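# take a look and give me a structure for this.
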Amino acid sequence: MPVRYILSFFVLTCLIHFSAFAQWTSAPNTFLSVANGKLTAFKNPGPGPLRARKQFTTIFDSTRIYQIKYHYCGNNFPSNKGLRVRLVNTNGTVIYNSGFIADTGTYVIPVNQPPSGTYRMVFTGINQNGGTQGFNNRFFQLTSIAVDRLDTVTKTVMVPYNKYRYQFQGQEADPEIKGEGNSYNYKYRMHDSRLGRFFSIDPLAYKFPHNGSYNFSENILINGVELEGLEVMYTPNYGASAKSLSQAAGDADGDFDISSSERKIGAAILSVPAVMAIEAFLTKGWLTRSFILYHTGESMHETDLAQAAKARGDTEAYNEHMAKSGEHNMEVLWGLAGEAAVGIITKLAARYVGPGKSVLSMEKQAASVAADDFVVANQKALNKKLGTKIGQGRLPDYAPGPQGTKDAVETVRKSLANSTTETSAFVAKTDKQIVVDIYSSETGYTVRVNAETNKFVTLIKGKTKSIMDTEKAVSTSAKSSSSSTNQ
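Presented below is the predicted three-dimensional model:
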């Protein structure tokens, strides 16, 4: 009997779209012009603020939720000036006040169950202290404004009960919206198998600038699988005779067929110096240990299947499963040999290169390059946001002015290049962005980065709560692991 899923999700219905910028009004000495799809508000010398208004009347359903979206696309403001947006009803009550907006971009005003009537959207140039003076010969630009209604849509999806829950690469299928076989739930992202791509940005994109943000398995599909939606993981079974993981996940008894002619990771680690160096210095023995654990588990599984076959008198199946168990045991021996080789290489490197230098130098070099790339890509936002924060006195370690801003940008670079603690992606309470906090004990500062766009958000003195929670979780896990080992 099919399994029924009832899904509810929001669909935006556009009610009004102001793209022609007709019937806008302005404050005295503010000149409005429209060209190339942009509304420009320019402040001529004289009294009055830099201000543009749009009044509109609409019929709202007071049981629904709405949003007003506008695109603020340009200005010639210095770092201490920005834009303020207000939504005002007919009684003069301010329903929404954006406060000081420093950056251009697309912004959304949430309006929860409003009454029908006439509203005004007021765009005003303001200083950081809220004043409106000093905007002569300054301008800002808008491209579009739209009023959208959020409609709730309910859909019932029937999924046959006899389908395997875990399919492609052993990941859980998610057929509710895109249909059977079109979407798979990796831990950190959803994969669209029709495109061969994830539809959200890699949470670790800032660490891997050489990779595309939406790439699946780093485009390595012959001998690699995708690890939790983050990065590629090389597999022990590849070559013409190997089954794909999707086929293996569909096997009736859940086992993986191993051919003796397939390449072995342990053999590769012993015979190829480049692979040994990568395993010793970058993956730090992780692949070898995973290899050993996997084949140990498979050997035990084959032994259990063999005993079950013996109990029911199936000699052919018993011999087959015992042969497979023996193959897995050979794989374990290869893995142990590889692990021993990796340990010898690591000790030799520590002896002749210096304690930890062989590993740390490579890691630090990669982190330094990634930090430099991040600073270059976010240079404008770094100067503007850090300059604003220094001017407000919220970064007292730095003096107001270009040199102080330059020093703060260098702190961001050093913090990323010498990070001590990094959180998982989480939703920031202040602006609801999905962010990652990165703390450096060397600088004593935390850098906050947007996990979806890899853009700079802010620089914070000391440790944030998310950093402290992460360090506490790591410490607790380490203590638990130590306690288990002692027992």
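
# report the central residue of the chain.
By C-alpha atoms, centre = their mean, the mean C-alpha position of the chain lies nearest to Pro203, the distance being 2.6 Å.

# and the pLDDT at that residue?
pLDDT, Pro203: 74.

# cool, and Arg351?
On the pLDDT scale, Arg351 gets 56.

# what pairs with the strand or helix carrying Met121, parallel or antiparallel?
If you go by DSSP states H and E, Met121 is part of strand 117-127. Sheet pairing of strand 117-127 (DSSP bridges) gives strand 51-58 (antiparallel), strand 81-89 (antiparallel).

# list the contacts of Leu87.
Ile68, Val94, Ile95, Tyr96, Ile109, Val111, Tyr119, Arg120, Met121, Val122 (C-beta atoms under 8 Å, 6 or more residues apart in numbering). (C-beta placed from N, C-alpha, C; glycine too.)

# picking that back up, average pLDDT across the strand holding Met121?
89.

# according to the record, where do the domains of this structure fall?
10-154, 165-232, 235-352, 365-474 (automatic domain parsing).

# out of the ones you listed, which gets the lowest mean score?
Among the domains of the chain, domain 235-352 scores lowest, with a mean of 64.

# follow-up on the earlier one: could you measure from the residue nearest to the centre of the chain over to Asn76?
Distance, Pro203 to Asn76, using C-beta to C-beta, to the nearest Å: 35 Å.

# same question, Phe168
Where Asn76 is concerned, Phe168 sits at a distance of 51 Å (C-beta to C-beta).

# and what of Lys310?
Taken as C-beta to C-beta, the span from Lys310 to Asn76 is 83 Å.

# okay, those two: which has more neighbours?
Remark: of Lys310 and Asn76, Lys310 carries more neighbours, 15 against 11, as counted by other C-beta atoms under 10 Å.

# skipping adjacent residues, who's closest to that one in space?
Tyr318 (4.7 Å; C-beta to C-beta, 6 or more residues apart in numbering).

# show me what contacts the one you found?
So Tyr318 contacts Ala306, Ala309, Lys310 (C-beta under 8 Å, 6+ apart).

# secondary structure element holding it?
Short version, using DSSP H and E: Tyr318 is in helix 315-352.

# go on, Asp372?
Using DSSP H and E, Asp372 falls in helix 357-377.

# rewinding a little: which of the three states applies to the residue nearest to the centre of the chain?
coil (DSSP: H, G, I helix; E, B strand; the rest coil).

# state the distance from it to Leu459.
From Pro203 to Leu459 the distance is 20 Å (C-beta to C-beta).

# also Asp314?
With C-beta to C-beta as the criterion, Asp314 and Leu459 are 67 Å apart.

# next one: Tyr445
Shown here: Tyr445 relative to Leu459, a distance of 6 Å by C-beta to C-beta.

# Asp314 and Leu459 - which one has more neighbours?
The neighbour comparison of Asp314 against Leu459 (other C-beta under 10 Å) goes to Leu459, with 23 against 14.

# rewinding a little: my guess is the residue nearest to the centre of the chain contacts Glu422. True?
No. Using C-beta atoms under 8 Å, Pro203 is not in contact with Glu422, being 10.5 Å away.

# which neighbours do these two share?
Val436.

# and for Gly297, the neighbour number?
Neighbour tally, Gly297, other C-beta under 10 Å: 11.

# mind checking the SS state of it?
Going by three-state DSSP: Gly297 is helix.

# specify the beta-bridge partners of Asn127.
Beta-bridge partners, per DSSP bridges, of Asn127: Lys81.

# show me how far the strand holding Met121 is from its chain's centre.
34 Å (C-alpha atoms, centre = their mean, to the nearest Å).

# can you pull out the strands in the stretch 101-250 of the chain?
105-112, 117-127, 139-159, 172-173, 183-185, 190-192, 197-198, 224-227, 231-234 (DSSP state E, counting those that start in this stretch).

# mind checking which of those is nearest Ala52?
Ala52 sits nearest to strand 117-127 of all the strands of the stretch 101-250 of the chain, at 4.9 Å, using C-beta to C-beta.

# just the strands in the stretch 351-487 of the chain please.
421-422, 426-427, 434-440, 445-450, 456-461.

# turn those strands into a markdown table, including distance to Met468.
Listed next are the strands of the stretch 351-487 of the chain as a markdown table, based on distance: least, C-beta to C-beta, whole Å:
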| stretch | distance to Met468 |
| --- | --- |
| strand 421-422 | 9 |
| strand 426-427 | 13 |
| strand 434-440 | 9 |
| strand 445-450 | 10 |
| strand 456-461 | 12 |
